[in-house]
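>>> Below are the sequence and a predicted model for it; my questions follow.
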Amino acid sequence: MFEFCEDPSTLDSLRWFSCYLTNGVHMQFYGSFIKVLALLAITAPVALAFGFAGAMAARSRVAPVAWFGKGYIAIVRGVPDIAFFLFFVIALDQAFEYIRHRVLCPDWTDPIRQGSDFLVCQQAKLPLGSSPEWVHETYGFFLAVITFSIVFGAFAANVLYGGMRAVPRAQMETAEAYGMTRRQTFWRIVVPQMWVYALPGLSNLWMVLIKATPLLFLLGIEDIVYWARELGSTKTARFSDYPHGDWRMWYFLGLLVFYLAMTRVSEVVLERLMVRLTHGQATTGGEAQRKAVAA
């Protein structure tokens, strides 16, 4: 990045570190933090949408729909996250390729499953072998977002389902007495109030989601854990001009600080959101606010 970085062997300690920390490889490391933040920003609302749909399905009066919603919650919550991630990414990738294979290669006669091999025509590959690197990375990130959303959506569904059931029955009966339909009661009474009961569980789920982002490393995505391991190792081809000892402890210490900062900021934001939601509500939090104002 700097002109004096052309010959690292002639640099003193300060200049050596300035060149070391600003070269192209480290820029990819810094960019991986943006990748993690993007995963959180996209996954959180998508997982919440999955959770809301799952909760609505679980409380449906139509038996097959309720079975589907409760089954989705039970199955995903009952499988270890790592096992589900490793399975579902492969299954989802093969499902996409299978659909493309049927559409793009209708004359294909060979079996797709040949022992342990999954073989489709070249046109059906996702992404194509001729695609640039950023396409491969975007596709892998897309699969990760879907997988994270499905897994954490099941936990969110369980939390939201509990929040819906926690809304006092008397309020729904009052709404029905005023002539509201079941749909109006749900959207005007249940949904606005369920967030007060669901937010503590959703807050914990958000913290778990933050801590689960290193699983991107297991999905083959070059995230912050991947780069910390690569850049901190003693032997690495990425830093042939900047040899150093085993610095993995320092890199992972940096990740520790990053995640602690993320959780602290999240705690502050969620606490303020909780105060806002409980304002005027007939809950413990709302009662505490009324007493504080009266005092």
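Structure received.
>>> remind me which residues of the protein are low pLDDT?
1-12, 129, 235-241, 279-295 (pLDDT under 70).
>>> can you pull out the helices in it?
Secondary structure of the chain (DSSP state H): helices at 13-20, 24-58, 63-78, 81-104, 133-166, 169-177, 182-185, 191-212, 224-232, 248-278, 284-294.
>>> okay, the ones you listed in a markdown table with distance to residue 125 and mean neighbour count next?
For glycine as for every other residue, the C-beta is placed from the backbone atoms N, C-alpha and C. Output for these, formatted as a markdown table (distance: least, C-beta to C-beta, whole Å; neighbours: other C-beta atoms under 10 Å):
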| stretch | distance to residue 125 | mean neighbour count |
| --- | --- | --- |
| helix 13-20 | 38 | 14 |
| helix 24-58 | 24 | 17 |
| helix 63-78 | 28 | 15 |
| helix 81-104 | 6 | 15 |
| helix 133-166 | 11 | 19 |
| helix 169-177 | 52 | 12 |
| helix 182-185 | 45 | 13 |
| helix 191-212 | 29 | 18 |
| helix 224-232 | 24 | 20 |
| helix 248-278 | 34 | 13 |
| helix 284-294 | 53 | 11 |
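>>> so which of the ones you listed gets nearest residue 121?
Nearest to residue 121, of all the helices of the chain, is helix 81-104, at 5.9 Å by C-beta to C-beta.
>>> what's the angle between that closest one and helix 191-212?
100 degrees (axes from the mean of the first three to the mean of the last three C-alpha atoms, to 10 degrees).
>>> Who are the packing partners of helix 81-104?
Contacts defined by 3 or more C-beta pairs under 8 Å, 6 or more residues apart in numbering; DSSP states H and E place helix 81-104 against helix 133-166.
>>> ok so, going back, quick one: closest of the helices of the chain to residue 119.
helix 81-104 (9.1 Å).
>>> Using PDB, write out every CA atom in that closest one.
C-alpha atoms of helix 81-104 as PDB (Å, rounded to 0.1, in the frame of the first residue of the first chain):
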ATOM      1  CA  ASP A  81     -26.700 -26.900  14.400                       C
ATOM      2  CA  ILE A  82     -23.400 -28.100  12.900                       C
ATOM      3  CA  ALA A  83     -25.000 -31.300  11.600                       C
ATOM      4  CA  PHE A  84     -27.900 -29.500  10.100                       C
ATOM      5  CA  PHE A  85     -25.600 -26.800   8.500                       C
ATOM      6  CA  LEU A  86     -23.300 -29.400   6.900                       C
ATOM      7  CA  PHE A  87     -26.300 -31.500   5.700                       C
ATOM      8  CA  PHE A  88     -28.600 -28.800   4.500                       C
ATOM      9  CA  VAL A  89     -26.000 -26.800   2.500                       C
ATOM     10  CA  ILE A  90     -25.200 -30.000   0.500                       C
ATOM     11  CA  ALA A  91     -28.900 -31.000   0.100                       C
ATOM     12  CA  LEU A  92     -29.900 -27.500  -1.000                       C
ATOM     13  CA  ASP A  93     -27.100 -27.200  -3.500                       C
ATOM     14  CA  GLN A  94     -28.000 -30.600  -5.000                       C
ATOM     15  CA  ALA A  95     -31.700 -29.700  -5.100                       C
ATOM     16  CA  PHE A  96     -31.000 -26.600  -7.100                       C
ATOM     17  CA  GLU A  97     -28.800 -28.500  -9.500                       C
ATOM     18  CA  TYR A  98     -31.300 -31.300  -9.900                       C
ATOM     19  CA  ILE A  99     -34.100 -28.900 -10.800                       C
ATOM     20  CA  ARG A 100     -31.800 -27.100 -13.300                       C
ATOM     21  CA  HIS A 101     -30.700 -30.500 -14.700                       C
ATOM     22  CA  ARG A 102     -34.300 -31.500 -15.400                       C
ATOM     23  CA  VAL A 103     -35.000 -28.200 -17.100                       C
ATOM     24  CA  LEU A 104     -31.800 -27.700 -19.100                       C
END
